[in-house]
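J.: With the sequence up front, the predicted model follows.
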Amino acid sequence: MTVRGETGTASGAAEKRLPMGEPEFRLDAMTRRWVAITGTRQDRPNLPSSDACPFCVGGLEADGPYTVKAFPNRWPPLLPGNPVSFAPGQALEGSARPARGAAEVVLYTPDHHLTFAKLGLAQARAVIDLWAARTAALLARPEIEYVLVFENNGAEVGATIGHPHGQIYAFPFVPPVPAREACVAAEFGCPICAELKQEDELQPRVVDRNRSFLAFTRNAADWPFELIVTPVIHLPEIEALNEAQRDDLARILTGVLSRYEHLFDQPLPYMMWIHPGVHLHVHLVTTRRQANVPRYVAAGELGSGVMFNPVAPELAAEALRAVAPTIEKARTNGGQRG
Ligand SMILES: [Zn+2]
Ligand SMILES: [Zn+2]
Ligand SMILES: [Zn+2]
């Protein structure tokens with residue numbers, strides 16, 4: 001079974017597909033939100049049945065050597081094309097629009113057995129540079145309004161290929177979650193700058209810090225062990241980070257992801273996404289509340305839109321601070337700096 005948004009594997013190739021068209025956005029009349037309907041792609045090629053990793057050098061998506069690599073998702077839920085208006089305020093009920101945009105896969109390393117936490121600083125920095133470059137390139141396209149860089153890690157959150165990789169969705173409109181964050185900031189001022197000024201309030205939730213970045217558990221976190229990683233000065237986008245700031249982002253991200261890996265002494269499924277726009281920040285969440293206890297989002301939460309987080313952010317921060325992160329230096333040139 002191939003999960004939507006993941007690149008497919010041979011195991012999904014034999015599935016029968018409904019004979020329908022391209023992916024599209026439909027406006028939900030009850031919420032007036034766009035929903036991407038992507039279960040319509042019948043043109044998946046039959047891949048040779050093989051267990052070979054498509055992301056390893058020599059695999060289906062990597063015919064030559066690479067350090068880091070981005071390429072279009074083979075089965076994109078968002079497709080390039082001419083700009084389409086998604087402006088609000090029009091009589092759009094029942095209408096569908098082509099799912100304009102882009103979906104890309106980002107390979108973090110040719111080494112199949114690493115994780116982001118284990119990349120080492122130089123390689124993590126290369127990933128960050130690629131995120132910035134792809135973000136700029138995608139935003140330059142007229143049909144694209146917002147670029148979301150993200151990673152699903154672990155089978156529990158739908159990652160179907162073990163090779164270290166993330167994804168990028170480029171949207172033809174600002175999606176509801178960052179749009180909401182931008183609205184709140186416009187009305188009340190930047191919440192991250194405000195939080196950074198409240199050092200005493202923030203301190204019990206700080207997990208890691210360096211010259212230019214801070215990692216802390218969110219005060220009203222939706223998820224257990226949810227972290228915000230953000231520059232200590234107001235910078236809106238990843239492309240704006242200078243050399244030193246990018247190194248510091250590499251350092252803090254590998255550090256907090258290493259804390260995740262060591263938290264329960266077993267691989268911890270996680271989701272990570274980056275919100276540019278107001279004050280750049282990374283959201284990092286795990287879908288576990290304890291070592292072997294998943295945190296499900298179920299009817300009470302889906303039905304109300306109110307999250308019930310079973311782990312207090314202060315206790316989550318304490319647990320994450322108590323973990324000693326492993327910073328991989330052996331593979332890097334830049335690992336000893338700072
Ligand atoms: Zn691989
Ligand atoms: Zn700010
Ligand atoms: Zn955010």
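T.: Perfect, thanks for sending it. Ligands and ions are numbered 1, 2, ... in the order given.

J.: In this structure residue 158 contacts residue 152, no?
T.: Yes. Counting by CB atoms under 8 Å, residue 158 touches residue 152, with 5.3 Å between them. Any C-beta I mention is one placed from the backbone N, CA and C, and that applies to glycine too.

J.: These two: which is more packed in?
T.: residue 152 (22 against 16; other CB atoms under 10 Å).

J.: Okay, and the beta partners of that one?
T.: Assessed by DSSP bridges, residue 152 has beta-bridge partners residue 271.

J.: what number of residues lie near residue 227?
T.: 32.

J.: Check residue 172 too.
T.: Residue neighbour count, defined by other CB under 10 Å, stands at 25 for residue 172.

J.: Neighbours of the nearest residue to it once chain neighbours are set aside, how many?
T.: Sequence neighbours aside, residue 100 is the residue nearest to residue 172 in space, at 4.2 Å (criterion: CB to CB, 6 or more residues apart in numbering). As a burial measure, residue 100 scores 25 neighbours (other CB under 10 Å).

J.: what's the answer for the one 3 residues further on, then?
T.: Each residue near residue 103 was counted by other CB under 10 Å, and the total is 22.

J.: Just confirm it contacts residue 166, I think it does.
T.: No. In this structure residue 103 lies outside contact range of residue 166 using CB under 8 Å: 11.8 Å.

J.: Can you list the buried residues in the top helix by length along the chain?
T.: Longest helix in the chain, counting residues (DSSP state H): helix 243-263. Within helix 243-263, the residues that count as buried by 16 or more other CB atoms under 10 Å are 245-263.

J.: Flag the shaky bits of this structure, pLDDT-wise.
T.: 1-20, 40-50, 88-94, 328-338 (pLDDT under 70).

J.: residue ranges of the strands in it, please?
T.: Counting by DSSP state E, one finds strands in the chain at the ranges 24-28, 33-37, 69-72, 96-98, 102-107, 146-153, 165-171, 206-209, 213-217, 227-231, 270-275, 281-286, 288-290, 293-294.

J.: Next, format these as TSV and append distance to residue 114.
T.: Shown next, in TSV, are these (distance: least, CB to CB, whole Å):
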stretch	distance to residue 114
strand 24-28	36
strand 33-37	31
strand 69-72	14
strand 96-98	37
strand 102-107	11
strand 146-153	12
strand 165-171	11
strand 206-209	20
strand 213-217	21
strand 227-231	20
strand 270-275	15
strand 281-286	18
strand 288-290	21
strand 293-294	25
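
J.: Which one, of these, ends up nearest to ligand 3?
T.: strand 270-275 (3.6 Å; CB to the ion).

J.: so how far is ligand 1 from residue 34?
T.: Going from residue 34 to ligand 1 by CB to the ion, to the nearest Å gives 34 Å.

J.: from memory that residue sits against residue 23, does it?
T.: No. With contact defined as CB under 8 Å, residue 34 does not count as touching residue 23 (11.9 Å).

J.: List the buried residues in stretch 131-146.
T.: So, applying 16+ other CB under 10 Å, buried residues of stretch 131-146: 131, 132, 134, 135, 138, 141, 143, 144, 145, 146.

J.: May I see those residues organised as JSON lines, with distance to ligand 1 added?
T.: Shown next, in JSON lines, are the buried residues of stretch 131-146 (distance: CB to the ion, whole Å):
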{"residue": "131", "distance to ligand 1": "20"}
{"residue": "132", "distance to ligand 1": "24"}
{"residue": "134", "distance to ligand 1": "20"}
{"residue": "135", "distance to ligand 1": "25"}
{"residue": "138", "distance to ligand 1": "25"}
{"residue": "141", "distance to ligand 1": "29"}
{"residue": "143", "distance to ligand 1": "32"}
{"residue": "144", "distance to ligand 1": "29"}
{"residue": "145", "distance to ligand 1": "33"}
{"residue": "146", "distance to ligand 1": "30"}
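
J.: my read: residue 256 touches residue 285, true?
T.: No. Residue 256 lies out of contact with residue 285 (CB under 8 Å); the separation is 11.6 Å.

J.: How about the contacts made by the one residue sitting closest to the centre of the chain?
T.: By CA atoms, centre = their mean, the chain has its centre lying nearest to residue 150, at 1.6 Å. Residue 150 makes contact with 166, 167, 168, 169, 271, 272, 273, 274, according to CB atoms under 8 Å, 6 or more residues apart in numbering.

J.: Go again with 6 Å.
T.: Contacts for residue 150 (CB atoms under 6 Å, 6 or more residues apart in numbering) come out as 167, 273.

J.: measure it to residue 325 for me?
T.: 22 Å (CB to CB, to the nearest Å).

J.: how many other residues sit next to residue 31?
T.: 9.

J.: can you check the one 4 residues further on too?
T.: By other CB under 10 Å, the residues close to residue 35 number 12.

J.: Quick check: bridge partners of it?
T.: residue 26.

J.: excluding its backbone neighbours, what's nearest residue 185?
T.: residue 278 (4.3 Å).
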